[in-house]
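Asks: just to be clear, the model below is a prediction. Sequence and coordinates:
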Amino acid sequence: MKFSFATLAIVALLGTAGVQSASAQKAKTVMVGGAPMYPTKNIVENAVNSKDHTTLVAAVKAAGLVETLSGPGPFTVFAPTNEAFNALPAGTVETLVKPENKATLTKILTYHVVASKMTSADLAKAIKAGGGMAKLTTVQGETLTAMMKGKNIELKDEKGGVATVTIADVMQSNGVIHVINKVLMP
């Protein structure tokens, strides 16, 4: 599945109308980055309000993924914080958001998305069923490995980097966001 950030930007600007699912309407509003994440809004509509995700939102716009992540989904997004992006080598983000690097940026961002809705309970169940690990196929096409460390869900990327879910189950009208503390690399 190939998505563009321009498409995502257009959808975010236009917003989405339509019927919200009963589960989205009943889901709890969670605070992320000092802003409420409303389960009746889509991933992009909520993410733009989080002060902890301004870098992610800028990257999504630069990659043209706004329309896609505003679409019906369902999606599971593992959303790195600004601190996670700041931990990358100096100049990495600035280089990735340049138009000539759009394909690389898109590859990295879509590596943080699974084309289904997986709550933390779903992830824990898959990890248990997999004998301590669950392989998740990302929209980008490669896999993330989910594991438990104590009560925390961790994700291991293709390069061996590990991110921890710091805020789980931020329900959206088109899926779920899990906030993570590292940028995952395909």
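Replies: Thanks, I have the structure now. Being a predicted model, the structure only gives us computed values, none of them experimental.
Asks: low-confidence stretches in this protein?
Replies: By pLDDT under 70, the low-scoring segments of the chain are 1-27.
Asks: what about the helices in it?
Replies: In the chain, the helices defined using DSSP state H lie at 5-14, 22-26, 43-47, 54-62, 66-70, 82-86, 92-96, 102-110, 120-129.
Asks: need the contact partners of stretch 119-136.
Replies: For stretch 119-136, contacts defined as C-beta atoms under 8 Å, 6 or more residues apart in numbering pick out 114, 118, 143-148, 153, 155, 165, 168-169, 176, 178. C-beta here means a position set from N, CA and C on the backbone, and glycine is covered the same way.
Asks: if you could redo that for stretch 150-170, that was the one I meant.
Replies: So stretch 150-170 is contacted by 30, 32, 37, 46, 78, 80-81, 84, 111, 119-120, 123-124, 127, 136, 142-149, 176-186 (C-beta under 8 Å, 6+ apart).
Asks: quick one, what contacts the residue nearest the centre of the chain?
Replies: The C-alpha lying nearest the average C-alpha coordinate of the chain belongs to residue 77 (C-alpha atoms, centre = their mean; 2.4 Å). Counting by C-beta under 8 Å, 6+ apart, residue 77 touches 43, 69, 112, 113, 175, 176, 177, 178.
Asks: could you check how far it is from residue 53?
Replies: Separation of residue 77 from residue 53 (C-beta to C-beta, to the nearest Å) stands at 10 Å.
Asks: what do you get for residue 129?
Replies: Using C-beta to C-beta, residue 129 is found at 31 Å from residue 53.
Asks: who's more crowded, the two?
Replies: The neighbour comparison of residue 129 against residue 53 (other C-beta atoms under 10 Å) goes to residue 53, with 25 against 10.
Asks: isn't that one up against residue 47?
Replies: Yes - contact status for residue 53 versus residue 47: in contact at 5.3 Å, counting by C-beta atoms under 8 Å.
Asks: overlap in contacts of those two?
Replies: Common neighbours of residue 53 and residue 47, counting by C-beta under 8 Å, 6+ apart, are residue 79.
Asks: re earlier: buried ones only from the contacts of stretch 119-136, please, as a ChimeraX command.
Replies: A single ChimeraX command is used to select the members of the contacts of stretch 119-136 judged buried by 16 or more other C-beta atoms under 10 Å:
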select :114,118,143,144,145,146,147,153,155,165,168,169,176,178
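Asks: excluding its backbone neighbours, what's nearest residue 35?
Replies: Excluding the flanking residues, the one nearest residue 35 by C-beta to C-beta, 6 or more residues apart in numbering is residue 49, at 3.8 Å.
Asks: just checking, the one you found touches residue 33?
Replies: Yes - applying C-beta under 8 Å as the test, residue 49 and residue 33 come out as touching, 7.4 Å apart.
Asks: which residues does the nearest residue to the residue nearest to the centre of the chain once chain neighbours are set aside contact?
Replies: Nearest non-adjacent residue to residue 77, counting by C-beta to C-beta, 6+ apart: residue 177, 4.8 Å away. Contact analysis of residue 177 by C-beta under 8 Å, 6+ apart lists 32, 37, 43, 46, 47, 76, 77, 78, 79, 170.
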